[in-house]
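A.B. asks: can't give you the sequence, but here's the structure:
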């Protein structure tokens, strides 16, 4: 109960997860995005922090986002070495639409480190 009123407090549980994906495979057959989505859905995660996605350019992240339906993605790319590093924050779009979570990102303060590790 809310101590200031007789109304019960609304309950909201935010489920966070972290996942070292060891590279996102964008292949139509044998890719690893669909099993990852199923894993995150099974765990009912709202926000996922991924490491080691190994995507090194914006075209690959755009292709990945088309497969990550239902998730808003914020990427940090690795621009120095090929096929290494990279991290991202994925937020369930349904959570953003519900207005229970507001994300404020200032891109002027975010600079991708050349190793993809921020």
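C.D. replies: Right, received. Where do you want to start? Not measured: the values here are computed from a predicted model. Numbering: from 1, shown residues only.
A.B. asks: What's opposite the most centrally placed residue in the chain in the beta bridge?
C.D. replies: The centroid of the chain falls nearest to residue 90 when counting by Cα atoms, centre = their mean (1.4 Å). In this structure, residue 90 bridges to residue 48, residue 73 when assessed by DSSP bridges.
A.B. asks: What distance do you get for it to residue 8?
C.D. replies: Counting by Cβ to Cβ, to the nearest Å, the separation of residue 90 from residue 8 is 31 Å. C-betas here are computed from N, CA, C, even on glycine.
A.B. asks: Okay, now the unreliable bits of this protein?
C.D. replies: By pLDDT under 70, the weakly predicted segments of the chain are 1-7, 9-10, 28-30, 79, 81-84, 106-118.
A.B. asks: swap the cut-off to 80 and go again
C.D. replies: Low-confidence segments of the chain, defined by pLDDT under 80: 1-12, 26-30, 56, 58, 78-84, 105-118.
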